[in-house]
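K.L.:
Build me a model from this:
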Amino acid sequence: MTELLSERLADPDCVEFEIGTNPRASVVWLHGIGADGFQAEPLIRQLARSGGAPLRFVCPYAPFRTVTLSGGQRMRAWYDLRHVDRQLQQDESSIRESSALVRALIDREAVRGIPSGSIVLGGFSQGGAMALLTGTRLAKPLAGILALSCYPLLAGTFASERQGANQHTPIFLAHGIDDPVIDFRVGENMRDGLHASGYAIEWHAYRMGHELHVGELADVAAFVRHILSPASR
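P.N.:
Coordinates of the predicted model:
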């Protein structure tokens, strides 16, 4: 159903999947803390079942770093977590470093023939937070943004750093009502703030915890296929 490409990038590590042949659109997917690029497999399989045009998934691995909130363990993380409230004491230097890596992957897709306007940028938890931060601050238009079970990063610089290129880009936000890691109200507040800033938000709430839910994956797949369809572009 899906083909795993053998290519891996040196920095960061990256695994790729393709649905069909000769894709003309891509999804850049950012995993959650402690996971890796294969976290996207359930979504890839859901998209493969849904049909549609060929699609490439680019799934980078976050660097290994020490995570304060996990007792100083080293794990794959886009940035350190220093406080149980993810919006406090944010690791700005690592956040910006990781955002630069994501931008490089978007640029790399353009070199391979897929412009930014045919790319969906998304992720789960830490990855979703990174996707939203990078997407709203990107000076190139994207096809869409997926931000699942996450929270805002560097909110204090959002107003000065946001770019008009993705002001009207569709954004899929989702959160678990029973999320024990990131309170549901954090997701709601993020949604309301983006709405107030004029973004095009598709909001979903699911009876789940901090996870990727089967119903959520079906909704994400439908969203991706819709925004990448010729009629929507």
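K.L.:
So for residue 68, what's the nearest residue that isn't a sequence neighbour?
P.N.:
Distances taken as C-beta to C-beta, 6 or more residues apart in numbering place residue 82 nearest to residue 68, at 4.8 Å, with adjacent residues excluded. For every residue, glycine as well, the C-beta is placed using N, CA and C.
K.L.:
Could you tell me how many residues sit around the one you found?
P.N.:
Using other C-beta atoms under 10 Å, residue 82 has 14 other residues around it.
K.L.:
From residue 106, how far out is it?
P.N.:
28 Å (C-beta to C-beta, to the nearest Å).
K.L.:
returning to what we had before: can you give me the pLDDT of the residue nearest to residue 68?
P.N.:
On pLDDT, residue 82 comes in at 95.
K.L.:
surely it meets residue 69?
P.N.:
Yes: taking contacts as C-beta atoms under 8 Å, residue 82 lies within contact range of residue 69: 6.7 Å.
K.L.:
ends of stretch 193-205, how far apart?
P.N.:
17 Å (C-alpha to C-alpha, to the nearest Å).
K.L.:
now swap in stretch 113-131 and tell me
P.N.:
With C-alpha to C-alpha as the measure, stretch 113-131 spans 21 Å from end to end.
K.L.:
what does the average pLDDT come to for that stretch?
P.N.:
Averaged across stretch 113-131, the pLDDT comes to 97.
K.L.:
How about stretch 158-175?
P.N.:
Rounded mean pLDDT across stretch 158-175 is 97.
K.L.:
now do the same end-to-end measure for that stretch.
P.N.:
First-to-last residue span, stretch 158-175, C-alpha to C-alpha: 21 Å.
K.L.:
Make residue 1 into 33 and carry on from there
P.N.:
With 33 as the first residue, the last one maps to stretch 190-207.
K.L.:
Can you mark which positions in it are buried?
P.N.:
190, 194, 197-198, 201-207 (16 or more other C-beta atoms under 10 Å).
K.L.:
And the residues you listed, which two are furthest apart?
P.N.:
Farthest-apart pair in the buried residues of stretch 190-207 is 197 and 207; separation 25.7 Å (C-beta to C-beta).
K.L.:
quick check, distance from the helix or strand that contains residue 98 to the centre of its chain.
P.N.:
According to DSSP states H and E, residue 98 maps onto strand 96-99. Relative to its chain's centre, strand 96-99 lies at 20 Å (C-alpha atoms, centre = their mean, to the nearest Å).
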